[in-house]
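Engineer: Turn this into a structure:
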Amino acid sequence: MKRVYVLLLSIITTAFIFTGCAHTSEKEDLTFSGTVEADEVNVNSEIQGKITGIFVKEGDAVKKGDLLVQLDDTSLKLQEASARAGLEKARAQLDDVLAGSRDEAIKAAEAGVTQAQAVLSGAEKNVKYYEDLLAKNEKLFKDGAVPEQNITDLKEALENARSQYEKAKAGLDQAIAQRDLLLNGSTSHSIKAAKAAYAQAEAALDIAREMVDNARILSPLDGTVLYVNFKPGEVVFPGSPIMTVLDLKNLWVDIYIPEKYLKLVKLHESLDVRWEDKTVKGEIVFISPRGEFTPRNIQAKEERQNVVYKVRIKLPYSDILKPGMEVDAVLPAGEVK
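Structural biologist: I've put the predicted structure just below:
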């Protein structure tokens, strides 16, 4: 999810000096001021877990791929080890079937059923746990003891638990089918079942590895840490915005120009943007099709000359150009009558 880092934006124009009679004209540059802005990128957790370490603070510069947060991965690594053992067992079972060792294949299939039953039992307990926890929190929410976000997070966690239960149930059905095929002496079917079990074990290991990787929360971009919303020891849920990073490679400034100068700006046109004694080239990337009044509550016909249009100017990346800085955009005005 993106939020816009918006600071105070003022509309300042230079004074325009008009000389001569009604038929004379003069070329002048126009200067409009605005505040540099940047995109905000929320860094969310993909999994539920307890924070064991936060390695940056607000204001720190980060690079894409930097480690920002570490979640407790103790149980995740155990699951990964279990999945790796399951893959080794499936590999051995497949080798036995291919070698014609039917007795060993049956034993492996029985072990696979036992393992799948244990996984299903754990998944069932996990569903029950989140159902009970959600019911408890819903009661607390009605009493005003917990925020609504708790209910939202727990519903999502329960949905994930139910999904894992369905996957575990399918895994048990497959393990039982594989065992039954071996007991019935169907060699070709036994080979197919062993191969399917091996593929399932590979997928389970991939998922376990991904879960371990997800416990390491990395910066998705180069930028600056704007907000840190959690502390070590707190529990986060999937989708929890742990921190917010400013995208300093996507800077812009919005200016507002009077209606009579609208014809002087064009999309993708470049113009000077200045601050202090420095100048960069900006590009016009948006011109609002709708005008607005300044101030907004003025609606009288005689005040229609105060209609202004928003123009967005994309700025180049710079180590010294930061969100919140006041800059001036210079617009060559052409003829002013």
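Engineer: Name the residues that touch stretch 277-291?
Structural biologist: With contact meaning C-beta atoms under 8 Å, 6 or more residues apart in numbering, stretch 277-291 is reached by 252-253, 259, 262, 265-273, 307-316, 318, 320-321, 329. C-betas here are computed from N, CA, C, even on glycine.
Engineer: switch to 6 Å and redo it
Structural biologist: 259, 265, 267, 269-273, 307, 309-316 (C-beta atoms under 6 Å, 6 or more residues apart in numbering).
Engineer: Give the ChimeraX command for selecting the buried subset of the residues you listed.
Structural biologist: Filtering the contacts of stretch 277-291 down to the buried ones (16 or more other C-beta atoms under 10 Å) takes a single ChimeraX command:
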select :265,269,271,273,307,309,310,311,312,313,314,315
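Engineer: where exactly do the helices run in the chain?
Structural biologist: 74-99, 102-142, 148-183, 187-214 (DSSP state H).
Engineer: okay, the angle between the longest one and helix 148-183?
Structural biologist: The one in question is helix 102-142. Counting by axes from the mean of the first three to the mean of the last three C-alpha atoms, to 10 degrees, helix 102-142 points 160 degrees away from the direction of helix 148-183.
Engineer: Begin at 644, not 1, for the rest of this chat.
Structural biologist: Sounds good: first residue 644 from here, last item helix 745-785.
Engineer: and helix 745-785, what other elements does it pack with?
Structural biologist: Helices and strands touching helix 745-785, by 3 or more C-beta pairs under 6 Å, 6 or more residues apart in numbering; DSSP states H and E, are helix 717-742, helix 791-826.
Engineer: Enumerate the positions of the shortest one that are buried.
Structural biologist: Put plainly, it is helix 717-742. Those buried within helix 717-742 under the rule 16+ other C-beta under 10 Å are 719, 722-723, 725-726, 729-730, 732-733, 735-737, 739-740.
Engineer: list the buried ones in stretch 778-796?
Structural biologist: In stretch 778-796, counting by 16+ other C-beta under 10 Å, buried: 780, 784, 789, 793, 796.
Engineer: give me every residue that touches the second one.
Structural biologist: Right, residue 784. residue 794.
Engineer: one step back: in strands, which of the contacts of stretch 920-934 appear?
Structural biologist: 913, 914, 915, 916, 952, 953, 954, 955, 956, 957, 958 (DSSP state E).
Engineer: a markdown table for those residues, including distance to residue 864?
Structural biologist: Compiled in a markdown table, the ones in strands among the contacts of stretch 920-934 are given as follows (distance: C-beta to C-beta, whole Å):
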| residue | distance to residue 864 |
| --- | --- |
| 913 | 25 |
| 914 | 27 |
| 915 | 28 |
| 916 | 23 |
| 952 | 31 |
| 953 | 26 |
| 954 | 26 |
| 955 | 20 |
| 956 | 21 |
| 957 | 17 |
| 958 | 17 |
